[in-house]
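Engineer: What follows is a predicted protein model with its sequence.
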Amino acid sequence: MVPVPDHSPRELLDFYLEAGADAFVGEEPVDRFAPVEQAPAPPRPARQVPDSAMPSRAAPSAAPQAPDEAAMAAREAARTASSLEELRGILEKFDGCALKATASRLVFADGNPKSKVMFIGEAPGRDEDLEGVPFVGRSGKLLDRMLAAIGLDRTSVYIANIVPWRPPGNRTPTPQETQICLPFILRQIELADPDILVCLGGPSAQTLLGIKEGITKTRGRWFAFNSGKREIRAMPTFHPAFLLRSPLQKRFVWRDFLAIKKALNG
Ligand code: URA
């Protein structure tokens, strides 16, 4: 028989904590990554546009295809919001996403909703969950420094996430969770009506822009995005959490941020 190391429960808990599993979720294991029948369909597929292209008016496109009841309910609920505050209130009451049950609170947005530029991450982490504000942890501090480098701060940008509740242990949101939350972030973009969208990281870019390619290939490129009100420009760039792990990649994000600054001033 293989000898089983004798670890104390305390050591096991420390191991889980270090691995990011810091929330008790349930008695039975659940495979949240089991294949789904229908992957989240991007509602408004983006196409790449040349750097010089300016945003132009376009007719709103159809709302996203929902694969299940919760996503349908989310779509219905999001549609009824006529202001960002109403949308926040609707999200506070929405029970269709299981993440709400394990998160401490809703993490709706930060910054200036009238800003011309909106940054969108993937999902809140532990610090954001505690404060109810996006990007306040280590990656948020780096985002603040990146913004400062191009003369911006939280009074001049608007910040949100695809998923507004923290997934337990900071795990990746499942395709189902993303799909359920998608109508809300789309409505949030529509109501905030920015000129420029910045997708922080691959999941944000792939979900919002409907692109299959990874972030390394797509970062720094402009895509057309139908905000529901009009066509705007969207740029994927590396997520600050990735930059904390791979600081050498910051030089690419610097280029992206300079392009964003130029677009904002242009
Ligand atoms: N990472 C994200 O994608 N969003 C946050 O709010 C914090 C970290």
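Structural biologist: Noted; the coordinates are in hand.

Engineer: and the nearest residue to Ile196 once chain neighbours are set aside, how many neighbours?
Structural biologist: In space, not counting the residues next to it along the chain, Ile196 is nearest to Val117; the distance is 4.5 Å by CB to CB, 6 or more residues apart in numbering. C-beta here means a position set from N, CA and C on the backbone, and glycine is covered the same way. Residues within reach of Val117, counting by other CB atoms under 10 Å, total 25.

Engineer: go on, Lys212?
Structural biologist: 9.

Engineer: if we can go back for a sec, so the residue nearest to Ile196 touches Val157, yeah?
Structural biologist: Yes. Taking contact to mean CB atoms under 8 Å, the distance of 5.3 Å between Val117 and Val157 places them in contact.

Engineer: just the strands in the stretch 51-200 of the chain please.
Structural biologist: For the stretch 51-200 of the chain, applying DSSP state E, counting those that start in this stretch gives strands covering 110-111, 117-121, 158-161, 196-200.

Engineer: what angle sits between the last one and strand 117-121?
Structural biologist: Direction vectors for strand 196-200 and strand 117-121, defined by axes from the mean of the first three to the mean of the last three CA atoms, to 10 degrees, enclose an angle of 20 degrees.

Engineer: if we can go back for a sec, for the ligand, find the nearest of the strands of the stretch 51-200 of the chain.
Structural biologist: The stretch from these with the least distance to the ligand (CB to the nearest ligand atom) is strand 117-121; that distance is 2.7 Å.

Engineer: hang on, the earlier thing: can you tell me how far the residue nearest to Ile196 sits from Asp110?
Structural biologist: For Val117, the distance to Asp110 equals 13 Å [CB to CB, to the nearest Å].

Engineer: what do those two both touch?
Structural biologist: With contacts taken as CB atoms under 8 Å, 6 or more residues apart in numbering, Val117 and Asp110 have Tyr158 as neighbours in common.

Engineer: Apart from its neighbours in sequence, what residue is nearest Gly214?
Structural biologist: Leaving out its chain neighbours, the residue that sits closest to Gly214 by CB to CB, 6+ apart is Gly202, at 5.7 Å.

Engineer: do you know how far that neighbour is from Arg166?
Structural biologist: Between Gly202 and Arg166 the distance is 19 Å, computed by CB to CB.

Engineer: Which one's more surrounded, the two?
Structural biologist: Higher neighbour count among Gly202 and Arg166: Arg166, with 27 against 21, using other CB under 10 Å.

Engineer: hang on, isn't that one packed against Ala101?
Structural biologist: No. The pair formed by Arg166 and Ala101 falls short of the contact definition of CB under 8 Å, at 11.3 Å.
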